[in-house]
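>>> return atomic coordinates for the entry below.
(chains A, B and C)
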Amino acid sequence: MKTAILQSDSQPEQSLTAPDLNPEALSRSLLDWYQISGRDLPWRKTRDPYKIWISEIMLQQTQVKTVIPYFDRWLNLFPTLETLANSQLQSVLKAWEGLGYYARARNIHKAAIVIMERFSGQFPDTLEHAMLLPGIGRTTAGGILSSAFNLPLPILDGNVKRVLSRLINLPVPPDRSLAALWEISESLVPLNQGRDFNQAFMDLGATVCIPKMPNCVVCPWNCFCKSYNLGVQNQRPMTEPKAPVPHKTIGVAVIWNSNQDNSILIDRRKPEGLLGGMWEFPGGKVELGETIPECIKREIQEELGIEIAVDEFLMTIDHAYSHFKVTLHVYHCHHLSGIPQTIECDEIKWVTLSELNEYPFPTANLKIIQALQQSGSRFPVSP
DNA sequence: AAGCCGTGGTT
DNA sequence: TAACCAAGGCT
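Next up, the predicted model:
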């Protein structure tokens, strides 16, 4: 606390976003609430930094309900950091299939190898070292190290940003005030209860201080919360206006090989970028004035260097990615001539209907596989 | 530093 | 129903 003498002839040193908080009162009331109302989650039964790390990565931009079955399956497939480091990236991506943001899986695999090689197989126990690992930023590092080692490191995830925005009635979107929010989060973590405090902080945001219609009546911080006491909690946090997302029309080919035994052509996408490393049915964007069968024939010629015939329509799939939407128009096709070349992909394979299940596909493509396997499709396709 | 990067739950 | 948005990080 600054003394009156030091501040006597100037304005009180209070930044716009760091108001008069009482960290001790806040942390104590939150920890008391957590003891009664905290969630019982699988990754809270352990202090193994490996398991906690996996949970933290899976939980990035992903809801708890979605993560739990993936987390359980993962630990059966890769029970230790060493088994993960010794696994193939394709197996890792298959375990991640459907979770999205596949760079997370690629980074986990890379990081596991780095930990084996640079950290003797021990997950790092300092912020500096943890943040050297791919896919681990300050929030994830703080989450892992506080949970595994009870270190008093702050976090600033979506929950904490929302809770703090309301607590101090932040008049700008939280991403405009990150430095101040980090400072507050850091000021609140008790030195000897980093684990419980951070978990409690996120629970508060996930179960009480939720995005719409927060349940302020049961909030342990309602007496401290500026937004609540001004009745403006539904107007916080402020949000940036967002740009409308573009829409693309895509032609997709299920290419049957008439020479081989009912096999279908799939390709593996390049390791970086959208859906990097995942397998797919080939295709591409429909150009102006082009029919969908024309598009499919052209794209397959350009991307795989082969000639195909476009046969009967299979299905359409509407799908939303993070920054655009697509409509996939899927057609049965058959191979006419040429040997497939990896022009715009990393690998090409002819596989049977049942072998499709061994490869990691993005969700939109899984719907195509499901349709093919349900109908028991065979070439040549007949009604 | 603003855009890229998935999917499903919720309202 | 369409929009919002979730235990963010990387470039």
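>>> show me the strands in chain A, by range?
A:247-257, A:263-268, A:279-280, A:283-285, A:307-320, A:325-337, A:347-351 (DSSP state E).
>>> please name whichever of those strands is nearest to A:Ser165.
The closest of the strands of chain A to A:Ser165 is strand A:307-320. By C-beta to C-beta, the value is 26.5 Å. Yep, even glycine has a C-beta here, placed from its N, CA and C like the rest.
>>> what's the spacing between A:Val163 and DNA strand B?
Using C-beta to the nearest atom of the strand, to the nearest Å, A:Val163 is found at 17 Å from DNA strand B.
>>> test my guess that A:Ile300 contacts A:Pro282.
Yes. A:Ile300 is in contact with A:Pro282 according to C-beta atoms under 8 Å; the separation is 6.0 Å.
>>> shared neighbours of those two, which are they?
Counting by C-beta atoms under 8 Å, 6 or more residues apart in numbering, the common neighbours of A:Ile300 and A:Pro282 are A:Ala253, A:Ile255.
>>> quick one, domains of chain A?
Using automatic domain parsing, the domain ranges for chain A come out as A:23-235, A:247-375.
>>> which one of the strands of chain A lies nearest to DNA strand C?
Nearest to DNA strand C among those is strand A:307-320; the distance by C-beta to the nearest atom of the strand comes to 6.9 Å.
>>> surely A:Gly137 touches A:Met131?
Yes. Counting by C-beta under 8 Å, A:Gly137 touches A:Met131, with 6.8 Å between them.
>>> who's more crowded, those two?
A:Met131 (15 against 12; other C-beta atoms under 10 Å).
>>> show me the contacts for the more buried one.
Applying C-beta under 8 Å, 6+ apart, the residues near A:Met131 are A:Gly137, A:Arg138, A:Ala141.
>>> where's the nearest residue to A:Gly143 once chain neighbours are set aside relative to A:Gln90, distance?
Nearest residue to A:Gly143, sequence neighbours excluded (C-beta to C-beta, 6 or more residues apart in numbering): A:Glu56, at 4.8 Å. With the distance defined as C-beta to C-beta, to the nearest Å, A:Glu56 ends up 23 Å from A:Gln90.
>>> which one's more surrounded, the two?
Ranked by neighbour count (other C-beta under 10 Å), A:Glu56 and A:Gln90 place A:Glu56 first, with 23 against 17.
>>> follow-up on the earlier one: now the contacts of A:Met131 as a markdown table including distance to DNA strand C?
Shown next, in a markdown table, are the contacts of A:Met131 (distance: C-beta to the nearest atom of the strand, whole Å):
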| residue | distance to DNA strand C |
| --- | --- |
| A:Gly137 | 3 |
| A:Arg138 | 5 |
| A:Ala141 | 6 |
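>>> tabulate the residues you listed (a markdown table), appending pLDDT.
Shown next, in a markdown table, are these (pLDDT from 0 to 100):
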| residue | pLDDT |
| --- | --- |
| A:Gly137 | 97 |
| A:Arg138 | 97 |
| A:Ala141 | 98 |
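>>> tell me the one of those residues nearest DNA strand B?
Nearest to DNA strand B out of the contacts of A:Met131 is A:Gly137 (C-beta to the nearest atom of the strand; 11.0 Å).
>>> quick one: the helices in chain A?
Taking DSSP state H, the helices of chain A run over residues A:23-37, A:49-58, A:64-77, A:81-85, A:89-96, A:103-118, A:127-130, A:138-149, A:158-167, A:178-188, A:194-207, A:226-230, A:292-304, A:363-375.
>>> so for A:Ser375, what's the pLDDT?
Looking at A:Ser375, its pLDDT is 79.
>>> tell me how many other residues surround it.
Residues lying near A:Ser375 (other C-beta under 10 Å) number 11.
>>> distance of it from A:Asn365?
16 Å.
>>> same deal with A:Thr140?
Distance from A:Thr140 to A:Asn365, counting by C-beta to C-beta: 29 Å.
>>> and the two? which has more neighbours close in?
A:Asn365 (24 against 20).
>>> quick check: the gap between A:Leu59 and DNA strand B.
9 Å.
>>> my guess is that residue contacts A:Val67. True?
Yes. Counting by C-beta under 8 Å, A:Leu59 does reach A:Val67; the two are 5.5 Å apart.
>>> contacting residues for A:Val326?
Neighbour list for A:Val326: A:His247, A:Lys248, A:Thr249, A:Ile250, A:Asp318, A:His319, A:Ala320, A:Ala364 [criterion: C-beta under 8 Å, 6+ apart].
>>> repeat that for 6 Å
A:Lys248, A:Ile250, A:His319 (C-beta atoms under 6 Å, 6 or more residues apart in numbering).
>>> okay, and the beta partners of it?
A:Val326 forms beta bridges with A:Lys248, A:His319, as assigned by DSSP bridges.
>>> surely the residue nearest to A:Gly143 is in contact with A:Gly142?
No. Assessed by C-beta atoms under 6 Å, A:Glu56 is found out of contact with A:Gly142, at 9.5 Å.
>>> start to end distance for stretch A:55-74?
From its first residue to its last, stretch A:55-74 covers 10 Å (C-alpha to C-alpha, to the nearest Å).
>>> if we go by neighbour counts, what in that stretch is buried?
A:Ser55, A:Glu56, A:Ile57, A:Met58, A:Leu59, A:Gln60, A:Val64, A:Val67, A:Tyr70, A:Phe71, A:Trp74 (16 or more other C-beta atoms under 10 Å).
>>> residue ranges with poor pLDDT in the stretch 201-350 of chain A?
Applying pLDDT under 70 to the stretch 201-350 of chain A flags the ranges A:260.
>>> around DNA strand C, which positions in it sit nearby?
Counting by C-beta under 7 Å from any atom of the strand, the stretch 201-350 of chain A comes close to DNA strand C at A:Met202, A:Asp203, A:Gly205, A:Ala206, A:Pro211, A:Thr239, A:Lys242, A:Ala320, A:Ser322.
>>> check the gap between the nearest residue to the third one once chain neighbours are set aside and DNA strand C for me.
What sits nearest to A:Gly205 in space, not counting adjacent residues and going by C-beta to C-beta, 6+ apart, is A:Asn159, at 2.6 Å. Distance check for A:Asn159 against DNA strand C: by C-beta to the nearest atom of the strand, it reads 5 Å.
>>> kind regards, and thank you for your time.
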